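**Student:** model this:
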Amino acid sequence: MPYAQNERIFPAVEESRSVTSMATVEPIYHKVCSLDDLWSGEMAVFEVAGVKLLLCHTESELIRAVQYICPHQSFPLSEGELAGDTLICTKHMWEFDVKSGCSVNPTGSEVALYPVKVVDEEVFVCVEGVEPKYARP
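**Tutor:** Residues are numbered from 1 along each chain as shown. The predicted structure follows:
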C-alpha cells in the first residue's frame with residue numbers, strides 16, 4: 001500500500017484478549033494509543049496486527065477506526081481532512097460519515113469501520129474479520 005509523504009505510522013502497543021468461558025473467546029482488541037495521544041479533531045495512522053488503519057477522534061468526541069485507503073481509488077485517507085464527523089479524501093473530494101462509514105458525497109459507497117473501545121483513557125481496536133471496502137468502478 002502506498003505511504004503518504006511525511007506520514008508517521010504508529011504501531012499498536014499491546015493486545016488484550018478476554019475469555020468469558022472455555023467455549024467463548026471474545027475478539028482480540030489491540031491497544032493503539034491513549035486519548036492524550038489523539039486529541040479531538042485529529043486523526044493518525046496506526047498499524048494494528050498488520051492492518052494499516054486511520055484512527056479519527058471527531059470534534060463530537062467520537063473515536064472511530066476506518067480503513068486506511070479511500071474506496072474510490074485507494075488514495076491514503078490520512079492525506080484527507082476530518083471536518084466534524086466527516087472524513088474528506090482530498091484526491092477527489094469524496095466524503096464519508098465516520099459515525100456510519102457511509103459516503104456522503106457521492107452516496108452509495110462506504111469505508112470499513114473497525115470496532116473500537118476505550119478503557120481507562122486507552123484506545124483499543126479490533127481488526128479481526130474486517131476487510132477494506134471498495135467502490136464499484
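**Student:** just so I have it, where are all the strands in the protein?
**Tutor:** Applying DSSP state E to the chain gives strands spanning 9-11, 14-16, 29-34, 42-48, 51-57, 63-67, 81-83, 86-88, 95-97, 103-105, 113-114, 116-119, 122-125.
**Student:** Select, out of these, the one closest to residue 135.
**Tutor:** Closest approach to residue 135 among those (C-beta to C-beta): strand 103-105, 8.1 Å. Yep, even glycine has a C-beta here, placed from its N, CA and C like the rest.
**Student:** what packs against that closest one?
**Tutor:** In terms of contacts (3 or more C-beta pairs under 8 Å, 6 or more residues apart in numbering; DSSP states H and E), strand 103-105 is packed against strand 95-97.
**Student:** Can you spell out which helices and strands pack onto the strand it packs on?
**Tutor:** With contacts taken as 3+ C-beta pairs under 8 Å, 6+ apart, strand 95-97 sits against strand 86-88, strand 103-105.
**Student:** what residue ranges in the chain score low on pLDDT?
**Tutor:** Within the chain, the stretches with pLDDT under 70 are 1-23, 137.
**Student:** follow-up on the earlier one: including mean neighbour count and distance to residue 132, could the strands of the chain go into JSON lines?
**Tutor:** Below are the strands of the chain laid out as JSON lines (neighbours: other C-beta atoms under 10 Å; distance: least, C-beta to C-beta, whole Å):
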{"stretch": "strand 9-11", "mean neighbour count": "13", "distance to residue 132": "16"}
{"stretch": "strand 14-16", "mean neighbour count": "12", "distance to residue 132": "21"}
{"stretch": "strand 29-34", "mean neighbour count": "20", "distance to residue 132": "17"}
{"stretch": "strand 42-48", "mean neighbour count": "19", "distance to residue 132": "13"}
{"stretch": "strand 51-57", "mean neighbour count": "23", "distance to residue 132": "9"}
{"stretch": "strand 63-67", "mean neighbour count": "23", "distance to residue 132": "4"}
{"stretch": "strand 81-83", "mean neighbour count": "15", "distance to residue 132": "19"}
{"stretch": "strand 86-88", "mean neighbour count": "20", "distance to residue 132": "14"}
{"stretch": "strand 95-97", "mean neighbour count": "20", "distance to residue 132": "13"}
{"stretch": "strand 103-105", "mean neighbour count": "16", "distance to residue 132": "14"}
{"stretch": "strand 113-114", "mean neighbour count": "20", "distance to residue 132": "10"}
{"stretch": "strand 116-119", "mean neighbour count": "12", "distance to residue 132": "16"}
{"stretch": "strand 122-125", "mean neighbour count": "22", "distance to residue 132": "14"}
